[in-house]
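Q: my questions are about this predicted structure, shown below with the sequence.
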Amino acid sequence: MINTRLLFALTSLTLIVYGCGGGGSSTNNDIDNKLINIIAAKNLTGDPSTGRTLPDINDPLAQLGMKLFFTKGLGADKDSACVSCHHPVLGGGDNLALSIGVDALTPDLLGVGRQHVIAAPGYDGGPTVPRNAPTTFNLALWDSVLFHDGRVESLGKTAGANGGGSNGISTPDSGFGVADINAGANLAEAQSRFPVTSPEEMRGFDFPTINSNVLIRTDLENRLKGVTSTITALGTNDWLTDFRTGLSSPTGTAATLITYANIAKAIGAYERSQVFVNTPWKAYVSGDTGAISTDAKKGALLFFNSVANGGANCAACHSGDFFTDEKHHVTAMPQIGRGKGDGANSNDDFGRFRVTAAAIDKYAFRTPSLLNVELTGPWNHVGSYATLDAVVRHHLNPQNAIDNYDYTQIDPNIDASDMLKNTQLAMDTLTANRNAGTINPILTNVSLTNEQITQIVTFLKTLTDPCLKDRTCLGKWIPTSQDSNPDTLRINAINQNGDFL
């Protein structure tokens with residue numbers, strides 16, 4: 001259905017330009033007419049949160065989740081927290097190509113300047129986490145998969161199902177395609193169970209030898225309960241008070257309230273409250289034709305139109321109001337860092353193939369949402385691009401981008417010695433997929449001018465919610481000194497200059 005507010009605005013603008021002697025150029029009006037047809041054809045509303053039941057950050061459960069998200073008490077060595085890699089001020093990530101989770105020299109220093117302790121296990125000067133930290137912003141809007149390889153996945157999902165699935169959710173605990181009975185009610189809850197089990201992210205390398213994610217979570221649960229655990233106890237522990245408040249159970253006991261299921265439920269509620277969709281693009285789709293610039297509108301036409309119609313066909317994968325098809329595609333992004341143990345030198349990353357073992361999924365990674373993409377860099381599954389301009393250019397011609405990759409855009413401590421070899425294997429896979437002609441859509445080369453590339457980037461920046469550039473607005477998702485600090489292990493995040501985030 002055509003957006004009537006936008007149609008009215010365009011009709012009014014036409015009268016001003018043509019019927020009232022305005023003498024203005026009709027170019028912008030022509031662009032608006034083309035965009036309204038695209039918006040109608042694609043049934044866009046500008047707001048992917050419509051029709052969903054979402055928590056508010058002020059809800060008691062989300063407040064409990066925020067405190068859990070910021071505490072190093074969920075890190076086995078008490079030196080990392082969820083927020084170590086996902087801070088609201090840092091775009092819901094950490095502003096690093098590859099994260100440094102455990103064994104940081106200064107645990108509360110987040111983002112650029114965060115470094116490993118030299119004596120840490122496996123230290124080689126670079127980050128130990130093999131993939132880029134995806135943003136937590138708008139996590140609630142994913143219906144199908146989370147993580148770059150989709151290893152947490154809704155089974156029998158339906159659009160708008162709030163990240164649940166009619167047949168459950170599969171996770172690494174249950175295996176691909178098999179419902180995990182402990183996954184929780186939605187993807188966010190399921191996802192929040194795994195960073196604490198990752199040695200590089202939160203578990204650490206000194207954790208007792210336990211080969212069970214369940215036992216790891218049980219030990220952390222017991223730590224917060226204040227009962228005997230195989231890991232170091234909390235020096236200060238008032239978590240029961242906050243669990244009683246967060247779960248609206250004023251007389252509940254630690255045994256019944258402080259469970260990992262409730263920990264995941266609370267963290268999931270906090271993450272799912274991070275909904276930031278009030279963008280200039282949304283205002284434009286809602287009828288405000290002046291909400292975005294002419295260059296942004298031209299960029300939108302390039303973004304949404306097919307190559308045959310003079311566009312770049314970006315929307316073939318970055319589709320809908322959430323700007324993702326939630327599927328996995330081979331794009332041959334430059335592979336840097338330690339990798340996931342794949343390939344001849346064990347520093348490659350086979351992506352979705354690691355989950356499904358299907359040949360078609362080799363080197364495929366999840367299509368990211370583009371909402372707030374301006375602030376969620378560095379970009380791709382290993383953060384190997386430092387600018388949106390570079391990301392767009394890669395999509396237009398991956399082989400050219402690989403051949404001319406600018407190594408200065410990454411931290412020199414990140415291992416990139418096998419970048420060309422590993423990435424060419426991904427590029428060869430993309431070429432084979434193109435030649436086979438069995439995958440649709442598939443990334444194809446597109447020739448655009450520098451001006452057109454800038455226009456696409458300008459459009460992408462209209463997908464940013466202004467709240468994310470306002471520390472006061474973001475402050476609702478960051479604990480203050482007035483909030484309880486149940487174990488005194490809260491991350492009080494600072495940047496490399498020592499300023500609080």
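A: Received it, and whenever you're ready, just let me know what you need.

Q: which helix runs longest in this structure?
A: helix 419-436 (DSSP state H).

Q: pull out the buried residues from the helix or strand following that one.
A: In the C-terminal direction, the helix or strand that comes right after helix 419-436 (DSSP states H and E) is helix 450-460. Buried residues in helix 450-460, counted by 16 or more other Cβ atoms under 10 Å: Q452, I453, T454, Q455, I456, V457, T458, F459, L460. C-beta: built from backbone N, CA, C; applies to glycine.

Q: so for stretch 218-237, what gets flagged as buried?
A: For stretch 218-237, burial by neighbour count (16+ other Cβ under 10 Å) applies to T218, D219, L220, E221, N222, R223, L224, K225, S229, I231, L234, N237.

Q: and stretch 136-144, end to end?
A: With Cα to Cα, to the nearest Å as the measure, stretch 136-144 spans 15 Å from end to end.

Q: average pLDDT across it?
A: The predicted model gives stretch 136-144 an average pLDDT of 98.

Q: contacts only, for the closest residue to D389 other than its chain neighbours.
A: Leaving aside its sequence neighbours, D389 sits nearest to V457 (Cβ to Cβ, 6 or more residues apart in numbering; 5.6 Å). Residues near V457 by Cβ atoms under 8 Å, 6 or more residues apart in numbering: G299, L388, D389, V392.

Q: farthest pair in those residues?
A: Spatial extent of the contacts of V457 (Cβ to Cβ) is set by the pair G299 and D389 at 12.0 Å.

Q: looking at those two, which one has more neighbours?
A: Between G299 and D389, counted using other Cβ atoms under 10 Å, G299 has the larger neighbour count: 26 against 15.

Q: what about that one, distance to I31?
A: G299 is 10 Å from I31, where distance means Cβ to Cβ, to the nearest Å.

Q: quick one on the thing from earlier: ok, so of the buried residues of helix 450-460, who is nearest F304?
A: Nearest member of the buried residues of helix 450-460 to F304, counting by Cβ to Cβ, is F459, at 9.3 Å.

Q: so the closest one touches N305, yeah?
A: No: under the criterion of Cβ atoms under 8 Å, F459 makes no contact with N305, lying 12.0 Å away.

Q: that older thread, and which of the buried residues of stretch 218-237 is nearest to P60?
A: Using Cβ to Cβ, the shortest approach to P60 within these belongs to L224, at 17.2 Å.

Q: kindly confirm my reading that the closest one forms part of a helix.
A: Yes: under DSSP: H, G, I helix; E, B strand; the rest coil, L224 falls within a helix.

Q: distance check, the closest residue to P479 other than its chain neighbours against T480.
A: Once flanking residues are discounted, P479 sits nearest to F70: 5.5 Å by Cβ to Cβ, 6+ apart. F70 is 11 Å from T480, where distance means Cβ to Cβ.

Q: mind checking which of those two has more residues around it?
A: Applying other Cβ under 10 Å to F70 and T480 shows that F70 carries more neighbours, namely 25 against 7.

Q: and that one, what does it touch?
A: A81, C82, V83, I478, P479, R490, I491.

Q: ok, V355 touching G177?
A: No: with contact defined as Cβ under 8 Å, V355 and G177 do not form a contacting pair (9.4 Å).

Q: now the nearest residue to G226 once chain neighbours are set aside: which helix or strand?
A: Closest residue in space to G226, ignoring its immediate chain neighbours: N237 at 5.0 Å, by Cβ to Cβ, 6+ apart. N237 is part of no helix or strand when elements are defined by DSSP H and E.

Q: N485 is in contact with N237, correct?
A: No: assessed by Cβ under 8 Å, N237 is found out of contact with N485, at 11.2 Å.

Q: all helices for the stretch 351-500 of the chain, in order.
A: Under the criterion DSSP state H, counting those that start in this stretch, the stretch 351-500 of the chain carries helices at the ranges 353-356, 388-396, 398-403, 419-436, 450-460, 471-474.

Q: the closest residue to H394 other than its chain neighbours and D415, how far apart?
A: Distance criterion Cβ to Cβ, 6+ apart; nearest residue to H394, sequence neighbours excluded, is A401 at 4.0 Å. In this view, A401 and D415 are 20 Å apart by Cβ to Cβ.

Q: same question for Y270.
A: 34 Å.

Q: between these two, which one's more packed in?
A: With neighbours defined as other Cβ under 10 Å, Y270 and D415 compare such that Y270 has more, 27 against 17.

Q: pretty sure that one is in a helix, no?
A: Yes: assessed with three-state DSSP, Y270 lies in a helix.

Q: would you agree it is in contact with G65?
A: Yes: counting by Cβ under 8 Å, Y270 does reach G65; the two are 3.0 Å apart.

Q: can you get me a residue count around the closest residue to K469 other than its chain neighbours?
A: Nearest residue to K469 in three dimensions, chain neighbours excluded: L375, at 7.6 Å (Cβ to Cβ, 6+ apart). Neighbours of L375 under the rule other Cβ under 10 Å: 19.
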